[in-house]
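K.L.:
How does the following fold in three dimensions:
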Amino acid sequence: LKLASNGCFYQCEWCYLKLTYRATFPFITFRVQYDNMKRQLEKRLAKIRLPVMFNSGELADSLAMEHLTRAGREFIPWFGKTGNGYLFMLTKSDNVDAILDLPHNGHTIITWSMNNEKVSRKFEIGAPGFERRLDAAYKVQQAGYPVRIRLDPIVPFDGWQRAYTETIRRIFEKVSPERITLGT
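P.N.:
Numbers count the residues shown, from 1 in each chain. This next block holds a predicted model:
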């Protein structure tokens, strides 16, 4: 589900988007033809009986611009009414307050890309820090959404094993993710 077509304003050194676009653009283009997008989704879902997951975080951060686009407010309840459609939102944002009251029916999965606080401060420029993301994940989980964590990439530095052990401990103190992805 391509809501944006040219990236993210966070400046993470290792980001797939940074490598895909090979540059940071001074603007991000958002698709806002939500009714047209829903018609296309309905056609796709009608052809398949099995559950289908649509990723809104492949070409942009799914929640970073929610306060402007209101895409989550538009699509989360819509997916909540489908029988076999699921929305997958990948984010580094803590911009979740506008989606907490939505009727998602468990059909929206929100995944946070996180890293050790020290690594995040150095390489994920502009993104909310680890604790802010963790607080956002907690809020969303309290609202009943399925929550996942993506700890990626794991960066080796002096004392990295201890640091990441603490990072994982903090995650489990605050949330109970249904899945954790570890990347290197």
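K.L.:
Go ahead and flag the most central residue of this structure.
P.N.:
The chain has L90 as the residue nearest its centroid, 1.9 Å off, counting by C-alpha atoms, centre = their mean.
K.L.:
Follow the chain on from the helix or strand of the chain with the lowest mean pLDDT and name the next helix or strand.
P.N.:
Ranking every helix and strand in the chain by mean pLDDT, DSSP states H and E puts helix 16-21 at the bottom, with a mean of 64. Following helix 16-21 in sequence order, the next helix or strand is helix 34-47 (DSSP states H and E).
K.L.:
Any idea how far that following helix is from the middle of the chain?
P.N.:
Distance of helix 34-47 from the chain centroid (C-alpha atoms, centre = their mean, to the nearest Å) equals 22 Å.
K.L.:
For that helix, name the packing helices and strands.
P.N.:
Other helices and strands packing on helix 34-47, by 3 or more C-beta pairs under 8 Å, 6 or more residues apart in numbering; DSSP states H and E, are strand 52-55, helix 71-80. In this view, the C-beta of every residue, glycine as well, is placed from N, C-alpha and C.
K.L.:
Sketch out the low-pLDDT regions of this structure for me.
P.N.:
Applying pLDDT under 70 to the chain flags the ranges 5-7, 16-27.
K.L.:
now the strands for it?
P.N.:
Taking DSSP state E to define them, one finds strands in the chain at 11-12, 52-55, 85-91, 108-114, 124-125, 147-151, 179-182.
K.L.:
JSON lines for these, including distance to R133?
P.N.:
Converted to JSON lines, the strands of the chain look like this (distance: least, C-beta to C-beta, whole Å):
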{"stretch": "strand 11-12", "distance to R133": "13"}
{"stretch": "strand 52-55", "distance to R133": "19"}
{"stretch": "strand 85-91", "distance to R133": "8"}
{"stretch": "strand 108-114", "distance to R133": "5"}
{"stretch": "strand 124-125", "distance to R133": "10"}
{"stretch": "strand 147-151", "distance to R133": "9"}
{"stretch": "strand 179-182", "distance to R133": "14"}
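K.L.:
can you tell which of the helices and strands packed on helix 34-47 is closest to R39?
P.N.:
The stretch from the helices and strands packed on helix 34-47 with the least distance to R39 (C-beta to C-beta) is helix 71-80; that distance is 11.3 Å.
K.L.:
Okay, angle between the closest one and strand 108-114 too, please.
P.N.:
Counting by axes from the mean of the first three to the mean of the last three C-alpha atoms, to 10 degrees, helix 71-80 lies at 140 degrees to strand 108-114.
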